[in-house]
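Engineer: build me a structure from this.
(chains A and B)
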2 protein chains.
Amino acid sequence: MSNRIVTISREFGSGGRTIGKELAAKLGIHCYDAELLEKIAQESGFAEEYIAEHGEYAVGGRWISQALSARDYCGHSYQDELWAIQQKIILELAEKESCVIVGRCADYILRDKADCLRVFIYADMESRAKRIVEQYGEGKMTPEKRLREKDKRRAAYYQFYTDVKWGVVQNYDIALNSGALGIDRCVEILAGLY
Amino acid sequence: MSNRIVTISREFGSGGRTIGKELAAKLGIHCYDAELLEKIAQESGFAEEYIAEHGEYAVGGRWISQALSARDYCGHSYQDELWAIQQKIILELAEKESCVIVGRCADYILRDKADCLRVFIYADMESRAKRIVEQYGEGKMTPEKRLREKDKRRAAYYQFYTDVKWGVVQNYDIALNSGALGIDRCVEILAGLY
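Structural biologist: Next comes the predicted model:
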């Protein structure tokens, strides 16, 4: 496999998805995120909304209880099925082309299977709060509470399927504080490394 | 204060000190590490060996018990005194010149007090083990045990004086895996950021 993949894990509100998109545009390769979600939906036959609701972004303990209770006769849940499909698609993408993949445990799925640059994007609470309010507007919860909830969900999802702790720097090749460095500088550094 | 300081925290054996030195040479500024140790020794009147033994590199719980027991009538230990002197010197250095400072909680000491690029250098166990055997030869303990011991000491020292957890990526502007990226690439990225 001679393709080179950039996997981006990120704290919610850190601009990791934007960095992924801008990096991919700069490198002339695809960035898979919403696109990947769509691909998963098409292949699995699940409605895209279902995946959006029950995939990486599912609410707190709900999918965990589902993963543990709503199992078929083999003991598999829908969540597990999604994970398997997603794994297959990410492996196929890496086989097919150089690309940027944001989220979805791609770093873990491609470990030892592709030439990856494993990136973690994070930022201080203040920058992230400002960013999510700008991007998604005000919500019922405070921005800080929304950030903590989302991070918790990402961490839980990641750990459940990978048995690896999310956001521990030793699992990445480079970790960038987008709040301190700025989005453009992060893109520049990663393009330079690629 | 218009000086720009690079503070480097690092896992033992990750090449953080080498990166600091090469970066400083490339930027034409000083790197404080052994030099800083010497400066502390001169100012404090403590023998350099004493500091080397009881400073950042002190053995496990020994200095902690000392910090808690061998106190003067004000409740201060030698360790606390060292910390105070070191703090003073680092603040003076940042006031005086742009420089690279490796270790010694400089990132914490200079927080909100200087224009800092806060760097964390880490690497996988295998690269670090290889590096310390090359640099320091074989020891009585396995390289892995030596690495874990040193990291534990650094973390304990850092946490005791700063109340902040050492090596948590959110406390840095950038974190680089020198095992994956290589020393030269790390120097290049940091020089570019500076």
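
Engineer: when you work out contacts or count neighbours from here on, use the C-alpha atoms and nothing else.
Structural biologist: Will do.

Engineer: name the SS class of A:Arg111, please.
Structural biologist: coil (DSSP: H, G, I helix; E, B strand; the rest coil).

Engineer: actually A:Ala25, sorry about that
Structural biologist: A:Ala25 ends up helix, using three-state DSSP.

Engineer: could you do A:Ile189 as well?
Structural biologist: helix.

Engineer: next to chain B, which bits of chain A? Give me the list.
Structural biologist: Residues of chain A lying close to chain B (Cα under 8 Å from any Cα of the partner chain) are A:122-124, A:168-170, A:172-177, A:180-181, A:189.

Engineer: which parts of chain A are strands?
Structural biologist: For chain A, strands defined by DSSP state E occupy the ranges A:4-10, A:30-32, A:99-102, A:115-122, A:174-177.

Engineer: how far off centre is the last one?
Structural biologist: How far strand A:174-177 lies from its chain's middle: 15 Å, per Cα atoms, centre = their mean, to the nearest Å.

Engineer: that strand pairs with which strands, and in what direction?
Structural biologist: According to DSSP bridges, strand A:174-177 forms sheet pairs with strand A:115-122 (parallel), strand B:174-177 (antiparallel).

Engineer: same thing with the second one?
Structural biologist: On the basis of DSSP bridges, the sheet neighbours of strand A:30-32 come out as strand A:99-102 (parallel).

Engineer: pull the residues that contact stretch A:166-186.
Structural biologist: Residues from elsewhere that reach stretch A:166-186 (Cα atoms under 8 Å, 6 or more residues apart in numbering or on different chains): A:9-10, A:14-15, A:18-19, A:117-124, A:127-128, A:154-155, A:158-159, B:122-124, B:168-170, B:172-177, B:180-181.

Engineer: state the mean pLDDT of that stretch.
Structural biologist: When pLDDT is averaged along stretch A:166-186, the result is 95.

Engineer: CA atoms of it as CSV?
Structural biologist: Only the C-alpha atoms of stretch A:166-186 are listed here, as CSV (Å, rounded to 0.1, in the frame of the first residue of the first chain):
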residue,chain,number,x,y,z
TRP,A,166,-8.7,8.7,23.2
GLY,A,167,-6.6,11.9,23.2
VAL,A,168,-3.5,10.4,24.9
VAL,A,169,-0.7,12.1,23.0
GLN,A,170,1.5,9.0,22.8
ASN,A,171,-0.9,7.5,20.3
TYR,A,172,-0.3,10.3,17.7
ASP,A,173,2.7,11.5,15.6
ILE,A,174,1.9,15.1,16.2
ALA,A,175,-0.6,17.1,18.4
LEU,A,176,-1.4,20.7,17.6
ASN,A,177,-3.1,23.3,19.8
SER,A,178,-5.2,25.1,17.2
GLY,A,179,-6.2,27.7,19.8
ALA,A,180,-2.6,28.8,20.2
LEU,A,181,-1.2,28.2,16.7
GLY,A,182,-4.3,29.1,14.6
ILE,A,183,-6.0,27.0,11.9
ASP,A,184,-3.8,28.2,9.0
ARG,A,185,-0.5,27.4,10.9
CYS,A,186,-1.8,23.9,11.7
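
Engineer: would you mind listing the buried residues in it?
Structural biologist: For stretch A:166-186, burial by neighbour count (16 or more other Cα atoms under 10 Å in any protein chain shown) applies to A:166-167, A:169-180, A:183, A:185-186.
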